[in-house]
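> One predicted model, sequence on top.
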Amino acid sequence: MSQRPSDVARLWPALGAYASFAALLGIYYAAARLLDVRPAIGTSLSTMLGLRIVPDLMLAYVAGRAAWIGVVRTRGFADLRVALKADLVSRRTAERLLGIPWFVLGTVLAFDVYGAFKQAIPRLTSYRWDGPLAGIDWLLHLGRDPWTLTAWIPNGSWGFRLIDLAYTAWFLTLILTILAFATWAPLRLRARFFVSLTAILMVGGTLGAIVLASGGPAYFAEFTGDTERFAPLLVYLGGTGARDGQQILWEAFASGSEKLYGGISAMPSMHVAMVVLMALGFYGWNRALGALMIVYVLLIQIGSVHLGWHYAIDGYASILLTLWVWSISGGLLRRLGWPDPKDVEIAGADETPEPAAVGPRRAARPDAPESAATASPAPG
């Protein structure tokens with residue numbers, strides 16, 4: 001008869017994923033210090049917010065489990081105390097609660113390092129790629145600058161406001177997604193999401209941004225001296241929040257002053273990369289949400305060009321980068337012994353499938369987590 005793996009043995013793949021996440025962070029931070037880039041660890045606003053929100057997320061998870069057990073599992077709250085006690089000492093809950101501070105604070109660190117590198121780009125290299133990237137855009141779009149493809153949308157119209165709103169909401173959407181994945185996402189999917197996020201910031205947001213340093217159409221004149229090419233775009237954007245934000249960012253950049261998540265970098269687009277990552281993550285969790293996020297990807301890609309922040313090629317490169325990193329992270333988790341999500345990730349269940357038992361099936365203990373063999377199949 002095959003044996004159920006112990007809770008400790010089943011925790012090894014998760015610990016491997018956590019160690020991989022920590023290793024990426026360590027390499028990222030060490031690279032920053034080696035290049036005399038100094039993230040504001042422990043003093044930045046993002047660090048303070050991260051420390052404050054972690055206990056709230058852990059409490060929210062426990063409260064959510066209590067409600068789920070009382071309403072769904074026990075069909076009432078009479079036996080809630082016993083059932084909740086058993087649930088809270090389970091391997092799944094321990095892994096969940098361990099991962100919340102690990103991934104939330106680790107992601108805060110990753111973004112702090114990313115932000116420090118972004119503001120250090122002028123010291124590390126020069127902005128030489130605006131001309132070539134604009135030329136690639138022109139060739140890819142058959143002799144047109146891509147922003148002109150949506151220039152028929154009047155400034156101030158509902159279509160323009162929709163694009164601007166979608167782009168402005170990106171930061172809040174990313175924060176909420178990070179908190180949701182840290183707290184509630186299926187465990188394997190959660191690990192894959194955060195490992196991928198850190199790798200994208202390292203490879204795209206830092207290495208790519210330094211090697212392909214560029215400012216984007218909004219700053220084309222400042223970095224190339226060509227004041228004519230994108231002048232019509234800047235006139236078109238006049239009086240908008242996007243244009244005001246670009247001017248504020250340039251003033252901080254030109255003066256050398258540090259600004260929370262300031263700095264200028266166009267290639268590759270982290271706006272597009274992060275929203276593609278969100279779409280991949282949500283599609284693995286809930287396909288309806290994933291489909292909705294794919295629409296959001298299109299809005300961000302269009303908005304990044306329409307509002308003058310990026311060349312279209314910045315977004316195209318980010319999509320390819322994110323798909324590549326997502327594939328690599330999935331392969332890493334399989335090598336660590338975590339099965340493919342199609343086999344183990346079931347909405348509302350986080351358990352790894354157990355080896356099939358031979359012989360009569362024993363009655364499950366009331367506090368035993370439901371195995372994948374008895375769980376309802378994943379939709380689709």
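Yes, it's here.
> all contacts plus neighbour counts: C-alpha atoms, from now on.
OK.
> Quick check: residue 190 vs residue 251, distance?
38 Å (CA to CA, to the nearest Å).
> The two - which one has more neighbours?
Neighbours per residue, other CA atoms under 10 Å: of residue 190 and residue 251, the larger number sits with residue 190, 24 against 12.
> my read: the more buried one touches residue 182, true?
Yes: between residue 190 and residue 182 there is a contact under CA atoms under 8 Å: 6.4 Å.
> where along the stretch 1-150 of the chain do the helices fall?
If DSSP state H, counting those that start in this stretch is used as the criterion, the helices of the stretch 1-150 of the chain fall at 7-34, 45-68, 80-88, 91-124, 130-140.
> nearest to residue 154, of these?
When those are compared by CA to CA, helix 130-140 sits nearest residue 154, at 22.6 Å.
> In the closest one, which residues are buried?
Buried residues in helix 130-140, counting neighbours by 16 or more other CA atoms under 10 Å, are found at 130-131, 133-138.
> Rebuild those as a markdown table, extending it with distance to residue 272.
Written out in a markdown table, the entries for those read as follows (distance: CA to CA, whole Å):
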| residue | distance to residue 272 |
| --- | --- |
| 130 | 18 |
| 131 | 21 |
| 133 | 17 |
| 134 | 18 |
| 135 | 20 |
| 136 | 18 |
| 137 | 16 |
| 138 | 20 |
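> contacting residues around the closest residue to residue 21 other than its chain neighbours?
Nearest residue to residue 21 in three dimensions, chain neighbours excluded: residue 195, at 5.3 Å (CA to CA, 6 or more residues apart in numbering). If you count contacts by CA atoms under 8 Å, 6 or more residues apart in numbering, residue 195 has them with 17, 20-21, 24, 329.
> now these as JSON lines including distance to residue 67, pLDDT and neighbour count?
As requested, those are exported to JSON lines (distance: CA to CA, whole Å; pLDDT from 0 to 100; neighbours: other CA atoms under 10 Å):
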{"residue": "17", "distance to residue 67": "29", "pLDDT": "87", "neighbour count": "23"}
{"residue": "20", "distance to residue 67": "33", "pLDDT": "92", "neighbour count": "18"}
{"residue": "21", "distance to residue 67": "31", "pLDDT": "93", "neighbour count": "23"}
{"residue": "24", "distance to residue 67": "36", "pLDDT": "95", "neighbour count": "17"}
{"residue": "329", "distance to residue 67": "33", "pLDDT": "94", "neighbour count": "21"}
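> And those residues, which two are furthest apart?
Comparing all pairs in the contacts of residue 195 by CA to CA, the longest separation belongs to 24 and 329, at 11.9 Å.
> Residue 279 against residue 294, yeah?
Yes: with contact defined as CA under 8 Å, residue 279 and residue 294 form a contacting pair (5.8 Å).
> who's more crowded, the two?
Here residue 279 and residue 294 are compared on neighbour count by other CA under 10 Å; more neighbours surround residue 279, at 22 against 19.
> Secondary structure element holding the more buried one?
Using DSSP states H and E, residue 279 sits within helix 270-285.
> Buried residues in that helix, which are they?
Residues of helix 270-285 classed as buried under the neighbour-count rule (16+ other CA under 10 Å) are 270-285.
> Tell me the one of the contacts of residue 195 nearest residue 266?
residue 24 (23.4 Å).
> In contact with residue 138: list those residues for me.
With CA under 8 Å, 6+ apart as the criterion, the residues that contact residue 138 are 144-146.
> Redo those as a markdown table? Include neighbour count.
Putting the contacts of residue 138 into a markdown table (neighbours: other CA atoms under 10 Å) gives the following:
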| residue | neighbour count |
| --- | --- |
| 144 | 13 |
| 145 | 21 |
| 146 | 20 |
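> What is the nearest of the residues you listed to residue 63?
Distances from residue 63 to the contacts of residue 138, taken by CA to CA, are shortest for residue 146, at 48.6 Å.
> my guess is the closest one contacts residue 310, does it?
No: applying CA under 8 Å, one finds residue 146 not in contact with residue 310, separated by 10.1 Å.
> Output the below-cut-off pLDDT ranges for the chain.
Under the criterion of pLDDT under 70, the regions of the chain flagged as low confidence span 1-11, 40-51, 68-91, 259-261, 339-380.
> Residue 257: neighbour count?
Residue 257: 11 surrounding residues under other CA under 10 Å.
> my bad, residue 31
The number of residues packed near residue 31 is 15, by other CA under 10 Å.
> measure residue 193 to residue 185 for me?
Computed with CA to CA, the distance linking residue 193 and residue 185 is 9 Å.
> oh sorry, the question was meant for residue 236
42 Å.
> do residue 325 as well
The value you get for residue 325 to residue 185, if CA to CA is used, is 19 Å.
> Between those two, point out the one with more neighbours.
When neighbours are counted by other CA under 10 Å, residue 325 and residue 185 differ, and residue 185 comes out ahead with 26 against 20.
> State the phi and psi torsions of the more buried one.
Dihedral pair for residue 185: phi -70, psi 150, per degrees, to the nearest 10.
> Check the gap between it and residue 96 for me.
Using CA to CA, residue 185 is found at 9 Å from residue 96.
> what does residue 202 give?
With the distance defined as CA to CA, residue 202 ends up 26 Å from residue 96.
> before we move on, what about residue 199?
Using CA to CA, residue 199 is found at 22 Å from residue 96.
> can you check residue 231 too?
Shown here: residue 231 relative to residue 96, a distance of 52 Å by CA to CA.
> The two: who's more crowded?
Regarding residue 231 and residue 96, a neighbour count based on other CA under 10 Å identifies residue 96 as having more, with 21 against 15.
> In contact with the more buried one: list those residues for me.
Residue 96 makes contact with 183, 187, according to CA under 8 Å, 6+ apart.
> residue contacts, residue 265?
Under the criterion of CA under 8 Å, 6+ apart, the contact list for residue 265 reads 118, 209, 213-216.
> just these now: which is nearest residue 28?
Looking at the contacts of residue 265 and their distance to residue 28, the nearest is residue 118, at 13.1 Å (CA to CA).
> Tell me how many other residues crowd the closest one.
A count of nearby residues for residue 118, using other CA under 10 Å, gives 23.
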